[in-house]
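K.L.:
Pasting the sequence and the predicted coordinates here, then a few questions.
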Amino acid sequence: MPSSNRPPAAPPAPAAPRRLTLRRPAAPAAAPAAAPAFRPAAAAPRSAPAAPRPQRAAPPAAPAAGEGATRLNKRLAELGLCSRREADDWIARGWVYVNGQVAEMGVKVTPQDRVTVERAAQRQQDSQVTILLNKPIGYVSGQAEDGHQPAVALINPRTHWREDPSGLRFTPPHLRGLAPAGRLDIDSVGLLVLTQDGRVARQIIGEDSVMDKEYLVRVVYQGPGPVRAVAPGARPEPLQEIDEHDPVSTNVQAVFPHELLERLRHGLSLDGQPLKPAKVEWQNPEQLRFVLTEGKKRQIRRMCEQVGLKVVGLKRIRIGRVTLGNLPVGQWRYLGAHERF
């Protein structure tokens, strides 16, 4: 009789292996793979997503079987919710769900999958700030290099513009994760955006960004040879040949060939790649106004060099719909709640 009591106890033992078997076929399976990969997370309530996470590290590639699958962090960025880095942070915190299940880092999703995000992520974004700095010469945009300080070193209560209309007050957490959205060379001045918000960074410097940036560029002309031929009998202009030892620094507009201005607008290449069309026009006889939709390293200086111009001053005055305005050099302000790039 005791031995007859043992068989009823045996069924629970195979039950555990049965769950493991469900997980293993999930990896090579096609569409159903997503559900087993996330099911362990569903058993855990939202308050404890971290506990099962180590046991769910293996299946991230499972949902990739479907056509059109893309990594979850990329999908969130494409939806305009955040940057990829911010998406990784949300996933690590257990704030992202795919088809109702807590998402795993590295998981892939298809357009048919339903992606939802905890309200905690939105609250975190609401607390993030974006700062507009009028960068002076001598500061680098990103990490300190060659003994030069990064621009973020200027963000402190003493340099906060007194006329900042945002109404925000500086607190040390506003420096946490603050990063430049785009670069401004060490010898350039003007509008530099520093942000904690991945959405702002992606809007300005994302790979699919077409946001225009406006610059005022002071130039001298040091063309390599004759500026233009003089027709027989025509009165020669005061300056017919320019070299690097005799640059034109006043009324450059009068001697700079129009065909070279057209090349600045469209027709130049950098690093073997043709540049996108740019708006280039004279702001005054010594200063050009550039409007670009791309931002290659030292792009304006290198463009000018190709047509015999040397940049002696460069100032960024606008990014999208946000302008530098009256912000003094070396001071900063917050991006207002009503402002949009």
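P.N.:
Ah, there it is. Predicted, not measured: the structure shown is a model, and the values here were computed from it. Numbers count the residues shown, from 1 in each chain.

K.L.:
CA only for contacts and neighbour counts going forward, please
P.N.:
Noted.

K.L.:
Run through the protein and note the low-pLDDT ranges.
P.N.:
1-67, 224-247 (pLDDT under 70).

K.L.:
let's see it at 80
P.N.:
Per-residue confidence of the chain (counting by pLDDT under 80) places the weak regions at 1-68, 80, 83, 125, 143-147, 207-208, 223-248.

K.L.:
Can you list the strands that the longest strand anywhere in it pairs with?
P.N.:
In the chain, assigned by DSSP state E, the strand with the most residues is strand 309-319. Using DSSP bridges, strand 309-319 pairs in its sheet with strand 189-195 (parallel), strand 213-221 (antiparallel), strand 322-323 (antiparallel).

K.L.:
from what I can see L133 touches G190, true?
P.N.:
Yes: L133 lies in contact with G190 (C-alpha atoms under 8 Å); the separation is 7.5 Å.

K.L.:
Flag every buried residue along stretch 266-285.
P.N.:
266, 268, 275, 277-278, 280-282, 285 (16 or more other C-alpha atoms under 10 Å).

K.L.:
And for stretch 82-92?
P.N.:
For stretch 82-92, using 16+ other C-alpha under 10 Å, the buried residues are 82-84, 86-92.

K.L.:
chain center to that stretch: distance?
P.N.:
Centre-to-centre, stretch 82-92 and its host chain are 14 Å apart (C-alpha atoms, centre = their mean, to the nearest Å).

K.L.:
got it, and stretch 74-90?
P.N.:
Put simply, stretch 74-90 sits 12 Å off its chain's centre (C-alpha atoms, centre = their mean).

K.L.:
and what of stretch 178-192?
P.N.:
Per C-alpha atoms, centre = their mean, the centroid offset for stretch 178-192 relative to its chain is 13 Å.

K.L.:
Next, the distance between the ends of it.
P.N.:
12 Å (C-alpha to C-alpha, to the nearest Å).

K.L.:
Could you check how many residues crowd around the closest residue to A278 other than its chain neighbours?
P.N.:
Excluding the flanking residues, the one nearest A278 by C-alpha to C-alpha, 6 or more residues apart in numbering is R265, at 4.8 Å. Residues contacting R265 under the criterion other C-alpha atoms under 10 Å number 20.

K.L.:
And for L260?
P.N.:
16.

K.L.:
ok, so what distance separates it from Q283?
P.N.:
For L260, the distance to Q283 - C-alpha to C-alpha - is 16 Å.

K.L.:
Phi and psi next, for R93.
P.N.:
R93 adopts backbone torsions of phi -80, psi -10, taken as degrees, to the nearest 10.

K.L.:
Let's see stretch 82-95 as CSV, backbone CA atoms only.
P.N.:
Extracted in CSV, the C-alpha atoms of stretch 82-95 (Å, rounded to 0.1, in the frame of the first residue of the first chain):
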residue,chain,number,x,y,z
CYS,A,82,13.6,57.9,-27.0
SER,A,83,17.2,57.3,-28.2
ARG,A,84,18.6,53.8,-28.5
ARG,A,85,20.8,54.3,-25.4
GLU,A,86,17.8,55.5,-23.5
ALA,A,87,15.8,52.5,-24.8
ASP,A,88,18.4,50.1,-23.4
ASP,A,89,18.1,51.8,-20.1
TRP,A,90,14.3,51.4,-20.1
ILE,A,91,14.6,47.7,-21.0
ALA,A,92,17.2,47.1,-18.3
ARG,A,93,14.8,48.7,-15.8
GLY,A,94,11.9,46.5,-16.9
TRP,A,95,9.8,49.4,-18.2
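
K.L.:
Which residues does it contact?
P.N.:
Here stretch 82-95 makes contact (C-alpha atoms under 8 Å, 6 or more residues apart in numbering) with 46, 49-50, 73-74, 76-77, 96, 102-105, 117-118, 120-121, 197-199, 201-202.
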